[in-house]
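Novice: task: produce atomic coordinates for the following.
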Amino acid sequence: MIEKFLVFVVAARRLLINSIGPARDGNEVCSVTGGALFASFPHVCAATFSEFDPVIILQVTATIGTLTYLPRMAGISYNTPICLFCRC
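Specialist: Numbering: from 1, shown residues only. The predicted structure follows:
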């Protein structure tokens, strides 16, 4: 996993994993539910995705934005080993 390269201290690695955990678990539930809906009812899935296209695009954009700016939102300085690859 990438946190092995970003974090050199075991306690900081554990803190990083625990802080990202709820967002990752929420995205996992959404992905599993979407996959089950697509596998079970492809016509319903097609109708749902076409109706909620702007909402889905907004959700994907927000997820990518959260992952991109997570160190800044968490108050992590860019000069620490946690953000080794996130230099300004």
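
Novice: now do the helix or strand containing residue 58, average pLDDT.
Specialist: Here residue 58 is covered by helix 53-73, with elements defined by DSSP states H and E. Mean per-residue pLDDT for helix 53-73: 70.

Novice: repeat for stretch 18-25
Specialist: 70.

Novice: so who does residue 58 touch?
Specialist: Residues near residue 58 by C-beta atoms under 8 Å, 6 or more residues apart in numbering: none. All C-beta spots, glycine's among them, are computed from the backbone N, C-alpha and C.

Novice: from residue 36, how far out is it?
Specialist: 22 Å (C-beta to C-beta, to the nearest Å).

Novice: can you check residue 52 too?
Specialist: Distance from residue 52 to residue 36, by C-beta to C-beta: 17 Å.

Novice: buried ones in stretch 28-35?
Specialist: By neighbour count with 16 or more other C-beta atoms under 10 Å, stretch 28-35 contains no buried residues.

Novice: which one's the longest helix in this structure?
Specialist: helix 10-40 (DSSP state H).

Novice: tell me what angle the helix or strand just after that one forms with helix 10-40.
Specialist: The C-terminal neighbour of helix 10-40 among helices and strands, as given by DSSP H and E, is helix 42-51. On the basis of axes from the mean of the first three to the mean of the last three C-alpha atoms, to 10 degrees, helix 42-51 is oriented at 120 degrees to helix 10-40.

Novice: burial count for residue 16?
Specialist: Residue 16 has 19 neighbours, counted by other C-beta atoms under 10 Å.

Novice: ok, residue 56 next?
Specialist: Residue 56 is flanked by 14 other residues according to other C-beta under 10 Å.

Novice: look up the closest residue to it, ignoring the ones flanking it.
Specialist: Of all residues not flanking residue 56 in the chain, residue 49 sits nearest, at 6.5 Å (C-beta to C-beta, 6 or more residues apart in numbering).

Novice: pretty sure that neighbour contacts residue 55?
Specialist: No: using C-beta atoms under 8 Å, residue 49 is not in contact with residue 55; the gap is 9.9 Å.
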